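Visitor: Predicted model follows, preceded by the sequence.
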Amino acid sequence: MPNPLRVLEDRLDDDTRDLLGKDLSGRVAGRVLDSDTDAAILGRIGAYALRNALPGRVLDSLQGFAISGAHVLRLGNLPQQALPATPVSGFAAEAQLPLVNAVHLGLLQILGVLPYAVEYENDGRLIRNVVPNPSAAGKTSSWGSDAEFFWHTDNPHLPFGELGTDPRPYPPRYLTFYAVRNEEQVPTELVAVESAVARLPDETVRRLTAPAFAVGAPDSNDTKAELADTAVLDWRCDGHWARFDQGTTRAQTPAAEQALREWTDALRSAESSAPVLQPGEFLIFDNYRVLHRRRAFTPAAADRARWLRRCYAS
C-alpha cells in the first residue's frame, strides 16, 4: 500500500546558506533579541533575509504549503550559529540564539502561519526545547528519552479550532521545528492519519468518529483537563483529522474500546516516514492530519545531547 504522506522537501546549497547566514548575523549583531519578547522583530528580520536569499522554488513551496494539501515540509542546510550547551533543564537563554530564532520565526512568517505560546505548557514560553531533561525520566514527554512516545497528536484534549479565531484554546494546527543538535540520530517519525484509516473496516472508522471517547492532557501540560464525549477521528474537507494520545485516550463504551484497540494496531502497521533531522534543518507538519512519535533513545553527554526547537503555529 503506498504511503499517503505527502512531503515537500528541499535543501539549500552551501553558498546560499553561507550568504544567508552572513546577512542574518549582521542584522542581529549587537542586538538583545528574545523570542518571547521580540518574536515579531525576529520574524521580520528573518523573513526579509530569507526572501532575499532563498531560491524561487523554495519560496514557492513555503508560501504554498498551507494550501498545497501536503502534510509535511522539510528544508535543510539552513544557517547555524555558535551555540551554548544543550539546555537539558528545558529552558535556554533565548537572547543567545538570535540567528536560530530569526531563521525559525522568519520561515513561519513566509509560511503565513502564526507562532504562539500557551500558558498551560512550557511556562508560557514560545519556544519549547525538545531535550532529554532528567526530570522527565520515565515520562512520555518531549522532554523524555527513556520511554517511547507512541503515535500521538499534540494537545488532543482540546477541541479543534477554526480559521480566523484565537488559536490558543485549540490544538496547534502545525508543529514546527529547527534542529540544533542530533548526534544520536534520533528520527522524528511521522504517519498520515489516512495511512492508519486505510487499514480499518468502515464500521471501526464510524465508531472512531462517534463521541464515545475521553482524551486527557499529555504529561507536558500543566493542566489535568480532559475532553469527554469526543471522537478520535473527525471528517473534514481535507480528510480525517485525529486527536489521540495513547496514554490519555480512553473509550467510554465497549464498542469504542474495541475500535480504539483496532486504531492502535493500525497505527503500528501503517506506512510512515522517519526523517532524522540534522543541525540546521527545519520541519513543519500538520498536527491535525499527521501523528508523530519518538522512540526511546540514549542521550549523548548533556552538553551536546539532542536539541530540537519547537514552536506551535496556526
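Guide: Structure received. Only a predicted model underlies this, so the values are computations on that prediction, with no experimental measurement involved. Numbering: from 1, shown residues only.

Visitor: Specify the beta-bridge partners of residue 233.
Guide: residue 242 (DSSP bridges).

Visitor: Neighbours of it, how many?
Guide: Residue 233 has 24 neighbours, counted by other CB atoms under 10 Å. For the C-beta atoms, the positions are set from N, CA and C on the backbone; glycine is no exception.

Visitor: which residues does it contact?
Guide: 193, 197, 205, 208, 209, 240, 241, 242 (CB atoms under 8 Å, 6 or more residues apart in numbering).

Visitor: Where do the helices of the protein begin and end?
Guide: In the chain, the segments counted as helices under DSSP state H are 14-28, 39-53, 56-68, 98-111, 193-197, 202-208, 254-269.

Visitor: Show me the residue sitting in the middle of the protein in space.
Guide: In the chain, the centroid-proximal residue (CA atoms, centre = their mean) is residue 175; its distance is 2.7 Å.

Visitor: how about the nearest residue to it, chain neighbours excluded?
Guide: residue 287 (5.2 Å; CB to CB, 6 or more residues apart in numbering).

Visitor: Look up how far residue 156 lies from the one you found.
Guide: The spacing between residue 287 and residue 156, counted by CB to CB, to the nearest Å, is 9 Å.

Visitor: Common neighbours of the two, please.
Guide: Common neighbours of residue 287 and residue 156 (CB under 8 Å, 6+ apart) are residue 171.

Visitor: Next, format the helices of the chain as TSV and append mean neighbour count and mean pLDDT.
Guide: Output for the helices of the chain, formatted as TSV (neighbours: other CB atoms under 10 Å; pLDDT from 0 to 100):
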stretch	mean neighbour count	mean pLDDT
helix 14-28	16	98
helix 39-53	20	98
helix 56-68	15	97
helix 98-111	25	98
helix 193-197	23	98
helix 202-208	18	98
helix 254-269	17	98
